[in-house]
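*Asks:* The following block contains a protein sequence and its predicted model.
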Amino acid sequence: MAINKDSNGYTFLFAILLVVVVGSGLAAVSMGLKEKQDKNTEVKKKMDILNALKVKEVKNGDTLDISRKNAEALYDEYVLSDECLVLGAEGNVLDGEVAFDIDIKKQFRDKTIDPKDRKYPLYVASLNGTKKYVIPVVGSGLWGPIWGYLAIDEDKSSIYGATFDHKTETPGLGAEIKQPFFYDQYDSEVISVDGKYKKIKVVKDGSGGDAHKVDGITGGTITSKGVEEMVDRTVQVYVKYFNK
Amino acid sequence: MSEKIKAPKEPLFSKKNKRLITEPLDDNNPVTLQVLGICSALAITVSIEQALVMTGSVFFVLGLGNVIISMLRNLIPSRIRIIVQLVVVAALVIIVNEILKAFLPDMAEKLSVFVGLIITNCIIMGRFEAFAMANKPWPSFLDAVGNTLGYGWVLVVVSVIREIFGSGKFFGVELFGDRIAGTGLYKYGYMDNNFIILAPFALFAVAIVIWVQRSRNTSLIEDH
């Protein structure tokens, strides 16, 4: 007996079967590759931290940029994993937490977590004998998440280096936050004066030379404001710890 | 005996099958003639490497998709055939994306949303609907090979132009010296053309390709 392919029953059966087969196939692929993808994200995180610290690999007289190949070794070399801390919202140290395992993006997006309960990882690195502190920041741009890392100098009040990245900001406008001309402005900006937190403003009027101001991006105002907000909100917490 | 049974079967690379590969390269090119898949051609052709990875991804999706659709062609209820095709493309694209993320993470980051946008690449749905739904798996596969190559060569040509004149590089190797350090040609005032890196230039590049192609192959010129 020939099946009537235009009957409703057949159509439904076909659709259900197709979805079940495709769905389970995709689930299997996703689970099979998860471990490798997680590893890649981890390496990427290490690359970002090293970039904020402006670490370069020097090999046979050549200076090499941070890449997936050298990131892990350099991370182990410069970042003092034993001294890395996790802070609470009041700048208090939380015991028994591993800084690298804290997923701040997840915390930021999870509305069920009270902002007061957020955990703030602090990475400590040793660069040519001086200590640097790396702060991860997460926020919202115009279209999606933005994030970055700020390296604080040994004096705990000025910024040593910064990197920012984004998921879906507009190319040429908001997406420019990941360009050196923007994040380099954060170098030697001052986050606290006489033990008091001071906000770094993103300004329009071109007065970015000031130690508490950086120039925003033309046409990328909302993304620039997003950077200002995330740096402001996060750095406050760390300053409480630094000035304790 | 067995020879006799096989006799009516077409050879794997019969004249007709060969045309499936050669036609999309020139006479029926998906990008320059049908003007499909332009979105990705504009977006990811800033470097040759990206163009090649994109072509590879499209080949995976189109090749496998064409074969799957062709095998199912007598089972798919015609009322939901577009949805079925879409499910197949979407599933394959997700697989490509996951594989890129696992094995070529830097490339996955650069291609970002454009891998996902393969789903809406008209070349793929077009081939499913126009070819795979009506043909056997092997010709469908050849059709996929032809169309991917036709898509790929345009992408590569455009990306070669854009990478050389936009970033002064060929396959990531600096051609004219170090731009930032100002060595080589840059010392004498040469500058990369930033406009070439921007997406609109790809339109010009594709147009130039179409121009050259039509001036060589005058049968493609329509009468007006």
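*Replies:* That came in fine, so what should we check first? Residues are numbered from 1 along each chain as shown, chains lettered A, B, ... in the order given.

*Asks:* From here on, just use CA atoms for contacts and neighbour counts.
*Replies:* Noted.

*Asks:* Check what pLDDT residue 119 gets.
*Replies:* Just going to use chain A. On pLDDT, A:K119 comes in at 89.

*Asks:* um, chain B though
*Replies:* Reading off the confidence values, B:I119 has pLDDT 82.

*Asks:* just checking, it touches B:A90?
*Replies:* Yes. Under the contact definition of Cα atoms under 8 Å, B:I119 touches B:A90, with a separation of 5.6 Å.

*Asks:* can you pull up the bridge partners for B:K169?
*Replies:* When bridges are called by DSSP bridges, B:K169 pairs up with B:E174.

*Asks:* Output the residue of chain A whose distance to chain B is smallest.
*Replies:* Using Cα to the nearest Cα, A:Q37 is the residue of chain A that sits closest to chain B, at 4.6 Å.

*Asks:* so what's that residue up against?
*Replies:* If you count contacts by Cα atoms under 8 Å, 6 or more residues apart in numbering or on different chains, A:Q37 has them with B:K101, B:A102, B:F103.

*Asks:* These also near chain A: which ones?
*Replies:* Checked against chain A using Cα under 8 Å from any Cα of the partner chain, those give the following subset in range: B:K101, B:A102, B:F103.

*Asks:* hmm, which of the residues you listed are the buried ones?
*Replies:* Burial of these was assessed by neighbour count (16 or more other Cα atoms under 10 Å in any protein chain shown); the buried members are B:K101, B:A102.

*Asks:* Pipe the ones next to chain A among the contacts of A:Q37 into JSON lines and attach pLDDT and secondary structure per row.
*Replies:* Putting the ones next to chain A among the contacts of A:Q37 into JSON lines (pLDDT from 0 to 100; DSSP: H, G, I helix; E, B strand; the rest coil) gives the following:
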{"residue": "B:K101", "pLDDT": "89", "secondary structure": "helix"}
{"residue": "B:A102", "pLDDT": "91", "secondary structure": "helix"}
{"residue": "B:F103", "pLDDT": "90", "secondary structure": "helix"}
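
*Asks:* Nearest to chain A among the ones next to chain A among the contacts of A:Q37?
*Replies:* B:A102 (4.6 Å).

*Asks:* show me the contacts for that closest one.
*Replies:* Counting by Cα under 8 Å, 6+ apart, B:A102 makes contact with A:L33, A:K34, A:K36, A:Q37, A:N40.

*Asks:* try 6 Å this time
*Replies:* By Cα atoms under 6 Å, 6 or more residues apart in numbering or on different chains, B:A102 lies in contact with A:K36, A:Q37.

*Asks:* that older thread, closest one to A:P136 out of the contacts of A:Q37, please.
*Replies:* A:P136 has its nearest neighbour among the contacts of A:Q37 in B:K101, at 22.9 Å by Cα to Cα.

*Asks:* per-residue confidence at the closest residue to B:I221 other than its chain neighbours?
*Replies:* With Cα to Cα, 6 or more residues apart in numbering or on different chains as the measure, B:R214 is the residue that lies nearest to B:I221, at 6.3 Å, once sequence neighbours are left out. Reading off the confidence values, B:R214 has pLDDT 87.
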